[in-house]
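Visitor: A structural model of the following input is requested.
(one chain, ligands or ions: 1)
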Amino acid sequence: MKLLEQRILEDGVMEGEDVLKVDSFLNHQMDVGLFAEMGKEWARLFADDHVTKILTIEASGIGIACVVAQQFGVPVLFAKKNKTKNIAGEVYSAQVESFTHGRVYDIIVSKKFLGPGDRVLLIDDFLANGAALQGLIKLVRDSGATLVGAGIAVEKAFQPGGDLIRSMGVRVESLARIKAMSSKGITFCD
Ligand code: 5GP
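Guide: Here you go, the predicted model:
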């Protein structure tokens, strides 16, 4: 999506070799007009999939997911990063290794809000190693819901997550796919 690629080139800031900061428009301060355009694009791509629920992960996926859900006219559910142990029976849970913080945490969603009748579209801001998406996929599969696919704002295609998730048979639609980034600049996949 040219609009997002252009914005990344204008306002994205590299941190080290493999982290892109987009906190002026995507995951701290948020450009809701841009989110609406992103939502329209995913609504077009998944138009025939009868999505009934958007699932994301706290915190930075939530803003994007809310705007996307408005396009689909369905609720948003966000997986919570769990701090209290064991509410067994009431929740689906999975473990996720954080790319940005390097530690493992549990994510949970209430069984009340996800079940076999749902057709779920996952939404997240970044795809790097694929751990966050793998966790969300496990929640969906455990619930018996149907996974329609994943909409990602920024996929760092030089990291393994995209190939990993696609090799699991999951449709991934990333609006900006970064081929390479260095101090010389950012290039996108065709
Ligand atoms: P993964 O689980 O695919 O390794 O990483 C995905 C999660 O890590 C995203 O939800 C996002 O919050 C965070 N993340 C991964 N790479 C980046 C990055 O380059 N920049 C930012 N701001 N967040 C990232």
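Visitor: So which residues of the chain form helices?
Guide: 2-11, 32-45, 61-72, 131-143, 161-167 (DSSP state H).
Visitor: and the residue lying closest to Pro75 once chain neighbours are set aside, how far is that from the ligand?
Guide: Excluding the flanking residues, the one nearest Pro75 by Cβ to Cβ, 6 or more residues apart in numbering is Lys53, at 5.9 Å. Heads up, the C-betas are built off the backbone N, CA and C, glycines and all. Using Cβ to the nearest ligand atom, to the nearest Å, Lys53 is found at 19 Å from the ligand.
Visitor: what does the protein have sitting close to the ligand?
Guide: Selection of the chain residues close to the ligand by Cβ under 6 Å from any ligand atom yields 19-22, 27, 60, 99-100, 124-132, 161.
Visitor: Go again with 5 Å.
Guide: By Cβ under 5 Å from any ligand atom, the residues of the chain that approach the ligand are 19-20, 60, 99-100, 124, 126-132, 161.
Visitor: In a markdown table, list these along with pLDDT, neighbour count and distance to Asp31.
Guide: Below are those laid out as a markdown table (pLDDT from 0 to 100; neighbours: other Cβ atoms under 10 Å; distance: Cβ to Cβ, whole Å):
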| residue | pLDDT | neighbour count | distance to Asp31 |
| --- | --- | --- | --- |
| Val19 | 95 | 14 | 20 |
| Leu20 | 97 | 19 | 16 |
| Ser60 | 92 | 20 | 14 |
| Phe99 | 81 | 18 | 23 |
| Thr100 | 77 | 10 | 21 |
| Asp124 | 98 | 22 | 17 |
| Phe126 | 98 | 24 | 16 |
| Leu127 | 98 | 26 | 20 |
| Ala128 | 97 | 20 | 22 |
| Asn129 | 96 | 17 | 26 |
| Gly130 | 97 | 24 | 26 |
| Ala131 | 97 | 18 | 26 |
| Ala132 | 97 | 26 | 22 |
| Gly161 | 98 | 22 | 24 |
